[in-house]
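Participant: can you look at this prediction? I've put the sequence above it.
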Amino acid sequence: MPPLFCSVSTPTPALPFCHFVLKAQEPKDCRYPSEIKSLGNRLKAKRMDLGLLQKDVAAIIGVNEDTICYWENDRVRPCSKLAVKAIQFLDHDLEI
């Protein structure tokens, strides 16, 4: 009986006729906002698009991590001074 697996490698690919590339976008995280209707949703979407944590955004804007959580969940609106910083974060393309 011949062995099931041969340890000899061949230069020929296993399926030379199957050459295809998948060109679909990776699905969004289930926590990603389904509708962007508020500043909180925009903050969360931008943060997730950049791959940042809430504490990272908090450090960039200059607030507490809890504050970012409250803004993202629309529990609290930022004061005018911090709203300007939040909007600057949204409009600024960060290089990470």
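Facilitator: Received it, and whenever you're ready, just let me know what you need. Numbers count the residues shown, from 1 in each chain.
Participant: from now on I want contacts and neighbour counts done on CA atoms only, so please keep to that.
Facilitator: OK.
Participant: in this protein, where is pLDDT below threshold?
Facilitator: 1-20, 27, 92-96 (pLDDT under 70).
Participant: can you give me the strands for it?
Facilitator: Counting by DSSP state E, one finds no strands in the chain.
Participant: T67: what's it in contact with?
Facilitator: T67 makes contacts with A58, as judged by CA atoms under 8 Å, 6 or more residues apart in numbering.
Participant: that one and K55, how far apart?
Facilitator: For T67, the distance to K55 equals 10 Å [CA to CA, to the nearest Å].
Participant: and D49, by the same measure?
Facilitator: 15 Å.
Participant: those two: which is more packed in?
Facilitator: With neighbours defined as other CA atoms under 10 Å, D49 and K55 compare such that K55 has more, 17 against 12.
Participant: can you get me a residue count around the spatially closest residue to the more buried one that is not a sequence neighbour?
Facilitator: Of all residues beyond its chain neighbours, the one nearest K55 is E65 (4.9 Å), with distances taken as CA to CA, 6 or more residues apart in numbering. Residues lying near E65 (other CA under 10 Å) number 15.
Participant: quick check, E65 in contact with A58.
Facilitator: Yes: under the criterion of CA atoms under 8 Å, E65 makes contact with A58 at 5.3 Å.
Participant: can you pull out the helices in this protein?
Facilitator: Here the chain has its helices, by DSSP state H, at 39-50, 54-61, 65-72, 80-91.
Participant: show me what counts as buried in the first one.
Facilitator: Residues 39-48 are the ones in helix 39-50 that count as buried (16 or more other CA atoms under 10 Å).
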